[in-house]
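Enquirer: A predicted structure for the sequence below; I have some questions about it.
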Amino acid sequence: MKKLLLAAALSLSAFAANAADWTPPGPIKLMIAFAAGGGADTQARLIAEELEARMGWQFIPEQVTGKGGLNLAAAIKDMPNDGSVIGMVVTESLGYNMRAADAGMTPEQFTPIVTTAGFQMAVVSLSSKGWNSFADVVEAAKGGADLRFGTMSPKLSDLAYLLGEANGVDFNIVQVRGGRAVMDGVNAGDMDLGFMAGIQAKGVAAGDLVNLASALSEPLQQTPDAPTMADLGVEFVADGYFMFIGPAGMPEDARAALSDAIAAVAEDESTKAGGIIKKAFGGASVIKGADLDALVASDYEAAGALLKAASE
């Protein structure tokens, strides 16, 4: 047993050394699946900026937006897999979006590198509505109110539908582009409630907005007493993460070096990137290696069940 443990330790040490010794073969093209100037784009660019300062690596950012990250996926899948091309998407891109599009792509065509932050996805409304819980929303809907429910992706639209179905109400689902559009719609009164993924934190803290429910598999950090989707009768959740990916077959030393370097920046709250992640998402959520492979595979599998449930 001691020999086996020693061999394993030596193997891990050798792997770590190889990962630490890895350097990109040239400038790294960083594809970003989010609109320029937004929070996600800023996060990606600040991570690249910090890595240039720390590691001496050079990054060339490039916007490849559209179709929930699938345009980026299509662009990156046949690129060199030596670490010279990476992209930032969300886990939903390789999960629900890929499954729903049925565009001939699967998660196996990509190398998941590392996540940086998780979504604090919640069902949110204006405090002025007078709703203190999701039960108040259900009561209003059953009382005849036509409630407009804002979402920013097909997956969230399906979840909103199932949430209404589980609670015996029929929401008027309004799908827009991005969490900012949902928050703007709620604030303007164009929507009565909607899904927001952390952007609501400042408004909730100020008392202008209220988290009525967690759309996650666990309680919200900011409002831990809000019910979860399971509490409200829905077996599906909106757990998700910002994630860096590369083409399939990326060498393990390149993957490890990139994941470790990116994670170190995301977890360091003294950096601009880490500070933004802390402010918007409550801190870094780093998943990598085999754990990330398993997460991506399970998300893709769960997407099929969600699509089936929402179509019944």
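Expert: Nice, thanks for sending it over. The structure displayed is predicted, hence computed values, not measured ones.

Enquirer: could you pull out the strands for the stretch 1-150 of the chain?
Expert: Along the stretch 1-150 of the chain, the segments classed as strands by DSSP state E, counting those that start in this stretch run 28-32, 59-63, 85-90, 110-118, 122-126, 148-151.

Enquirer: brain fart, the stretch 151-300 of the chain
Expert: In the stretch 151-300 of the chain, the strands defined using DSSP E, counting those that start in this stretch lie at 172-175, 193-196, 209-214, 241-247.

Enquirer: with only the CA atoms kept, save the longest one in CSV.
Expert: In CSV, the C-alpha atoms belonging to strand 241-247 read as follows (Å, rounded to 0.1, in the frame of the first residue of the first chain):
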residue,chain,number,x,y,z
TYR,A,241,-21.4,28.6,-14.1
PHE,A,242,-19.2,30.8,-16.3
MET,A,243,-16.7,28.3,-17.9
PHE,A,244,-13.6,28.4,-20.1
ILE,A,245,-13.4,25.7,-22.7
GLY,A,246,-11.2,24.6,-25.6
PRO,A,247,-11.4,22.1,-28.4
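
Enquirer: so which residues make contact with it?
Expert: Contacts to strand 241-247, defined as C-beta atoms under 8 Å, 6 or more residues apart in numbering, come from residues 40, 43, 73, 76-81, 83, 85-91, 93-94, 109-119, 254-255, 258-259, 262, 285, 287, 292, 295. Heads up, the C-betas are built off the backbone N, CA and C, glycines and all.

Enquirer: neighbours of residue 65, just the number please.
Expert: Using other C-beta atoms under 10 Å, residue 65 is surrounded by 16 other residues.

Enquirer: against residue 261, how distant is it?
Expert: The gap separating residue 65 from residue 261 is 25 Å, by C-beta to C-beta, to the nearest Å.

Enquirer: cool, and residue 100?
Expert: 33 Å.
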